[in-house]
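Colleague: Would you be able to build a 3D model of this:
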Amino acid sequence: MKPQLASLIIIAALLLAGCAPSSGTDDAVVATLVAAALQTSEAANPPVLETAGPQLGYVEGSTCYPSSFIPEMTVFLQKAGAPEPVQVPIALNQMSFSAELEPGSYTAYAWLPDFSFGGSYSHAVACGLSVDCTDHSLVSFDVVAGELTEGIAVCDWYGQPGDVPYPPGTEPPAQESNDPGSISGSLSYPSSFIPGQTIVAWSLANPGNYYYVTTSDGTSFYQISNLPPGDYQVVAYTNGMAGGYSQFVPCGLSVNCSDHSLIVVTVTSGQETGGVNPQDWYAPDGAFPANPVP
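Modeller: Numbering: from 1, shown residues only. The predicted structure is shown next:
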């Protein structure tokens, strides 16, 4: 029955009630007609139900690690004021991630499964992650409902203890005898200007594995932190050339020096090994490993 017909039925029922003598039977008939008309009207015009759900935003980012591989880790996306972060598991060699988040202001950081080593999306990332970038505080970024936030690069693994927060309820792991160490030294180049370089510490215990840091133009010092204890060889790369920390360096870099074999550098737990100067730019082609960093 159409709404117009339902209205006519109601009017007719009211006229009947006004003109006919009052009786219990007539009243019952009128009530039945009115109820039927109202049901028909409601069926033709069902109420509109509001389905208000949470509007989410979208985040895409990348993961890095200062080695030849990206280990398993967890990225934590912490909303300001929220009791718990959103966790995004990262598989071995996974280089990107995405997540749906409630709107708000967030920070991003990551930890290895045993919480022994943490990285973050920090101001040092935007700076270029060179040794000149010293601000390792976390960057706040906004997530807007229905919009995509890109470029969240969780790539700063070079800060000091305390720069990367632990997730709520997580205790720092107990200090062990195999705490990371570091390597540092001076840089040079066979010209009046020192270009930006990539300094790589090659692991001898795990052939093919390496750790690295990059420097900017004019920088004459480097440090590779968070190195597992063990033996390494160190080579600097720039402009398609390689400069190694070889026997040629302590010999004095003179024409009387002919030994370009790389020196084994031992990293001790919790200690910095200094004076590792990859300044041999005079070795024959192929004397040092090729640059592994794209």
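Colleague: Run through who's touching stretch 197-206.
Modeller: Stretch 197-206 is contacted from outside by 183, 187, 189, 209-215, 219, 222, 224, 227-228, 230-238, 243, 264-265, 278, 289, 291-293, using C-beta atoms under 8 Å, 6 or more residues apart in numbering. From N, CA and C alone the C-beta is placed, and that goes for glycine too.
Colleague: Return the distance of it from the chain's centre.
Modeller: Stretch 197-206 sits 24 Å away from the centroid of its parent chain (C-alpha atoms, centre = their mean, to the nearest Å).
Colleague: Would you mark the buried spots in it?
Modeller: Under the neighbour-count criterion of 16 or more other C-beta atoms under 10 Å, stretch 197-206 has Gln197, Thr198, Ile199, Val200, Ala201, Trp202, Ser203 buried.
Colleague: So the fourth one versus Ala242, what's the distance?
Modeller: Right, Val200. 9 Å (C-beta to C-beta, to the nearest Å).
Colleague: What's the end-to-end length of stretch 83-102?
Modeller: Start and end residues of stretch 83-102 are separated by 13 Å (C-alpha to C-alpha, to the nearest Å).
Colleague: who's in contact with it?
Modeller: So stretch 83-102 is contacted by 54, 56-64, 69-79, 110, 143, 167-168 (C-beta under 8 Å, 6+ apart).
Colleague: hang on, the earlier thing: what residues are shared contacts of Val200 and Ala242?
Modeller: Shared contacts of Val200 and Ala242, counting by C-beta under 8 Å, 6+ apart, come down to Val235, Ala236, Pro289, Asn291.
Colleague: Please check the contacts of stretch 83-102 and keep the buried ones.
Modeller: Among the contacts of stretch 83-102, those classed as buried by 16+ other C-beta under 10 Å are 56-59, 61-64, 70, 73-79, 110, 143.
Colleague: Keep only those of these that are in helices.
Modeller: Using DSSP state H, the subset of the buried ones among the contacts of stretch 83-102 located in helices is empty.
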